[in-house]
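Fold the following and give me the result.
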Amino acid sequence: MEERSIIFVDDEKQIRAMYARAFAAAGARVRTLESAEECLEAMRKDPSLVLFLDLNLPGMNGLELCRQLHKEWPMAIMYAVTGYASLFEISDCREAGFEDYFTKPVPLAKLKAAAERAFERINSRKTKKP
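Next up is the predicted model:
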């Protein structure tokens, strides 16, 4: 089976550590990054097609990051995660290219289920013949 690679971008160190532990234990290759700029650099070196992006990041926010990623990697599946739901509208997230939107604190089981659906979609794209 192909490697399951996920990127999490969150400016909170404890959140990144929690994601890393939980998803690595589930068999994923996890990279945790603290800024949009780090994410863009990491994607250019070694892209992942499943990403969870905090919306309220220092510098470039998660909406703008999603837009940028979507331009360069249109097949990537991205999820918005935020503790500031009142600042970001679901319609803005959809327009930016997010697959879904989660409000913190979000149960890890929900994030794992979303990642599993994303990997299934990616695998089904690869098995379809032109």
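
So which elements touch the worst-scoring helix or strand of the chain on mean pLDDT?
Lowest mean confidence among the helices and strands of the chain (mean pLDDT, DSSP states H and E): helix 90-96, at a mean of 90. If you count contacts as 3 or more Cβ pairs under 8 Å, 6 or more residues apart in numbering; DSSP states H and E, helix 90-96 packs onto helix 62-72. Quick note: C-beta positions are derived from backbone N, CA and C, even for glycine.

Which residues outside the helix it packs on are in contact with it?
By Cβ atoms under 8 Å, 6 or more residues apart in numbering, the residues outside helix 62-72 that reach it are 9, 36, 39-40, 43-44, 51, 53-57, 60, 76, 78, 80, 82, 88, 92-93, 96-98.

Could you list the residues in contact with the lengthiest helix in the chain?
Identified as the longest helix of the chain according to DSSP state H is helix 108-127. Applying Cβ under 8 Å, 6+ apart, the external contacts of helix 108-127 come out as 2, 4, 6, 18-19, 22-23, 26, 28, 49-50, 52, 75, 77, 79, 81, 99-100, 102.

State the mean pLDDT of it.
Mean pLDDT, helix 108-127: 93.

buried residues in that helix?
Buried residues in helix 108-127, counted by 16 or more other Cβ atoms under 10 Å: 111, 114-115, 118-119, 122.

Format the CA atom coordinates belonging to that helix as PDB.
Output of helix 108-127 as PDB, limited to C-alpha atoms (Å, rounded to 0.1, in the frame of the first residue of the first chain):
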ATOM      1  CA  LEU A 108      -9.300  13.100  16.700                       C
ATOM      2  CA  ALA A 109     -11.700  10.400  15.400                       C
ATOM      3  CA  LYS A 110     -13.400  12.900  13.200                       C
ATOM      4  CA  LEU A 111     -10.100  14.100  11.700                       C
ATOM      5  CA  LYS A 112      -9.000  10.400  11.200                       C
ATOM      6  CA  ALA A 113     -12.200   9.700   9.400                       C
ATOM      7  CA  ALA A 114     -11.700  12.700   7.200                       C
ATOM      8  CA  ALA A 115      -8.200  11.600   6.400                       C
ATOM      9  CA  GLU A 116      -9.300   8.100   5.600                       C
ATOM     10  CA  ARG A 117     -12.000   9.400   3.200                       C
ATOM     11  CA  ALA A 118      -9.300  11.600   1.500                       C
ATOM     12  CA  PHE A 119      -6.900   8.700   1.100                       C
ATOM     13  CA  GLU A 120      -9.700   6.600  -0.400                       C
ATOM     14  CA  ARG A 121     -10.500   9.400  -2.900                       C
ATOM     15  CA  ILE A 122      -6.800   9.700  -3.800                       C
ATOM     16  CA  ASN A 123      -6.500   6.000  -4.300                       C
ATOM     17  CA  SER A 124      -9.700   5.800  -6.400                       C
ATOM     18  CA  ARG A 125      -8.300   8.600  -8.700                       C
ATOM     19  CA  LYS A 126      -5.100   6.600  -9.200                       C
ATOM     20  CA  THR A 127      -7.000   3.400 -10.100                       C
END
